[in-house]
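Chemist: Sequence plus predicted model, see below.
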Amino acid sequence: MRVLVVGGGGREHALCWAISRSSQCDAVLCAPGNAGIARIAECVAVGAEDIPVIVALAKERAVDLVVVGPEGPLVGGLVDRLAEAGIRAFGPSAAAAELEGSKGFMKDLAARQGIATAAYGRFTDAGRARAFVAEHGGRVAVKADGLAAGKGVILCQTPAEADAAIESILVDKAFGAAGSEIVIEEFLGGEEASFFALVDGKRAIPMASAQDHKAVGDGDTGPNTGGMGAYSPAPVVTDKMAGIVMDRIVEPTIAGLAAAGRPYRGVLFAGLMIDAAGPKLLEFNVRFGDPECQSLMVRLASDPLEALSACAAGDLGSTKLAWRDEVSLTVVMAAKGYPGTYEKGSEIRGLSFVERMEGVTLFHAGTRIGHRRLLSDGGRVLNITALGATVAEAQARAYAAVDCIDWPQGFCRRDIGWRAIGR
Ligand code: AMP
Ligand code: GLY
């Protein structure tokens, strides 16, 4: 098979890495890719959001399967345009991707299907939104309805904070058109975890769980980022809990989407809040998480391409996924200043040593080559993924590798995995 991976971050490097190891893989292309991906795939300088050019590329290069990494092109209809051109793709249609593209759509579906989730309201009017906040005592999550690069959620402790959040999203348009409608939710407590399932339109098979670290600083302090590290599996998602998540959250969602004429195909990523009462759904994403995907791919023992292509073909009936027993842990190295403003173009050294380290896999997230040197080219720049018998062992290996990297302009959290290690 000739495979085209769409995107250029650490998630896409992990997907290219996994796919290129498959016995069924003849060639991997990536649009646009990065300097690390360029070593294992042919990178083509096309932006992930440039839907017509990606469709033309897939046709011209006789691609058998397109694997879409980020949510933007999914919500924008890339998979639909590829289908019209007769090209198979891994990822949902635009209609099914509404699950991530509109938080209001997701909440209404969850309510219709009886899925446990936070109480909520949808608002376009600031006055009505404030009345809802007053009813809930001020501790709420205020969310832009549309895609906001993971930044559209404001957690509020008081009515004054909620007021300011409503004002900023609905009135000042802090997230542009994505915030012309907002969702306000009651505040949920518990332990957060991510759960991934493959869905072929009708059937779902569980993949694995992971735990992300969204805050930029050690001890979960500072502003939220796209994710500063992850490990898999998440101890809070026991086998029993995974069964409950499949029965009470994943299955009813797939049934609800199919009944609405929006059958879901691809990976379904459920963000969960788990407490003594069980799992509650925080959000759905219609793609792999980044950096969760990196931790998942190194643990996947069965053929990744076989699974992704069976899923895209609507036929997961005979797919069985096997996972390594080890835990995997990913540390993200980011440019100083991220998630605020940061500089690009600083030189990174010491990677060839890291690439030879036992149990360690290096993924590039935002890099490019300039004057034969490796340069940073984004906020999140490198991902160091390590396997271990325990989270502590995987963590020790990952940080031993991080410490070999010579990149003074970069930083990372030093406590990825703390929750699992503290158990
Ligand atoms: P989301 O993008 O909807 O997952 O929200 C981003 C983050 O905000 C989540 O990972 C949670 O940590 C937090 N969050 C979202 N909704 C709630 C809620 N209803 N209660 C508590 N925390 C929330
Ligand atoms: N790491 C969280 C996400 O990909 O949405």
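Modeler: Okay, I see it. Numbering: from 1, shown residues only. Ligands and ions are numbered 1, 2, ... in the order given.

Chemist: my guess is residue 423 meets residue 235, correct?
Modeler: Yes - counting by CB atoms under 8 Å, residue 423 touches residue 235, with 5.9 Å between them. All C-beta atoms are positioned from the backbone trio N, CA, C, and that covers glycine.

Chemist: between those two, which one's more packed in?
Modeler: Higher neighbour count among residue 423 and residue 235: residue 235, with 17 against 8, using other CB atoms under 10 Å.

Chemist: so who does that one touch?
Modeler: 420, 423 (CB atoms under 8 Å, 6 or more residues apart in numbering).

Chemist: now it: how far from ligand 2?
Modeler: From residue 235 over to ligand 2 the distance is 18 Å, taken as CB to the nearest ligand atom, to the nearest Å.

Chemist: What strand or helix carries that residue?
Modeler: Using DSSP states H and E, residue 235 sits within no helix or strand.

Chemist: pretty sure residue 198 is touching residue 309, no?
Modeler: No - with contact defined as CB under 8 Å, residue 198 does not count as touching residue 309 (11.1 Å).

Chemist: centre of the chain versus stretch 230-241, how much separation?
Modeler: Distance of stretch 230-241 from its chain centroid, counting by CA atoms, centre = their mean, to the nearest Å, is 17 Å.

Chemist: Oh, that last question was meant for stretch 12-32, not what I typed.
Modeler: That offset, for stretch 12-32, works out to 18 Å (CA atoms, centre = their mean).

Chemist: Quick check: end-to-end length of it?
Modeler: Taking CA to CA, to the nearest Å, stretch 12-32 runs 10 Å from one end to the other.

Chemist: So is it next to ligand 2?
Modeler: No - residues of stretch 12-32 are not located near ligand 2 by CB under 6 Å from any ligand atom, the shortest gap being 12.1 Å.

Chemist: Show me which residues of that stretch are buried.
Modeler: Across stretch 12-32, burial judged by 16 or more other CB atoms under 10 Å covers 12-20, 22, 25, 28-32.

Chemist: what does stretch 43-53 give?
Modeler: Neighbour-count burial for stretch 43-53, counted by 16+ other CB under 10 Å, picks out 43, 46, 48, 50-51.

Chemist: Ok, stretch 302-322 next?
Modeler: 303-312, 316, 319, 321.

Chemist: and stretch 309-319, average pLDDT?
Modeler: Across stretch 309-319, the average pLDDT comes to 96.

Chemist: where's it relative to the chain centroid, distance-wise?
Modeler: Relative to its chain's centre, stretch 309-319 lies at 21 Å (CA atoms, centre = their mean).

Chemist: and what of stretch 369-388?
Modeler: With CA atoms, centre = their mean, you get 19 Å for stretch 369-388.

Chemist: ok, is it in contact with ligand 2 or not?
Modeler: No - under the criterion of CB under 6 Å from any ligand atom, ligand 2 is not reached by stretch 369-388; the shortest gap measures 9.9 Å.

Chemist: Tell me the span between the first and last residue of that stretch.
Modeler: End-to-end distance for stretch 369-388, by CA to CA: 31 Å.

Chemist: give me the beta-bridge partners of residue 284?
Modeler: Taking DSSP bridges, one obtains residue 270 as the residues bridged to residue 284.

Chemist: my read: it touches residue 253, true?
Modeler: Yes - between residue 284 and residue 253 there is a contact at 7.2 Å, judged by CB under 8 Å.

Chemist: residues shared between the contacts of the two?
Modeler: Both residue 284 and residue 253 are contacted by 99, 268, under the criterion CB under 8 Å, 6+ apart.

Chemist: Within the helices and strands, which one has residue 67?
Modeler: strand 65-68.

Chemist: who does that strand touch, helix- and strand-wise?
Modeler: Other helices and strands packing on strand 65-68, by 3 or more CB pairs under 8 Å, 6 or more residues apart in numbering; DSSP states H and E, are strand 2-7, helix 78-84, strand 88-90, helix 304-312.

Chemist: So is that strand next to ligand 2?
Modeler: No - under the criterion of CB under 6 Å from any ligand atom, ligand 2 is not reached by strand 65-68; the shortest gap measures 13.8 Å.

Chemist: Which strands or helices does the helix or strand that comes right after that strand pack on?
Modeler: Following strand 65-68 in sequence order, the next helix or strand is helix 71-75 (DSSP H and E). Secondary-structure packing of helix 71-75 (3+ CB pairs under 8 Å, 6+ apart): helix 94-101.

Chemist: for the stretch 101-250 of the chain, what spans make up the strands?
Modeler: For the stretch 101-250 of the chain, the strands defined by DSSP state E, counting those that start in this stretch cover 120-123, 140-144, 153-156, 182-186, 191-200, 204-212, 215-217, 221-224, 229-232.

Chemist: can you tell if the third one touches ligand 2?
Modeler: No - for strand 153-156, no contact with ligand 2 is found by CB under 6 Å from any ligand atom; the gap never falls below 11.1 Å.

Chemist: do that strand and ligand 1 meet?
Modeler: Yes - shown here: strand 153-156 in contact with ligand 1 (CB under 6 Å from any ligand atom) through 153, 155.

Chemist: wait, what's in contact with residue 412?
Modeler: Residue 412 touches 228-229, 331-334, 402, counting by CB under 8 Å, 6+ apart.

Chemist: Now for residue 211: which residues touch it?
Modeler: 192-194, 230-232, 234, 236, 419-420.

Chemist: Apply 6 Å and report the result again.
Modeler: If you count contacts by CB atoms under 6 Å, 6 or more residues apart in numbering, residue 211 has them with 193, 231, 234.

Chemist: State the distance from the last one to residue 296.
Modeler: Pointing back at residue 234 there. Distance, residue 234 to residue 296, by CB to CB, to the nearest Å: 12 Å.
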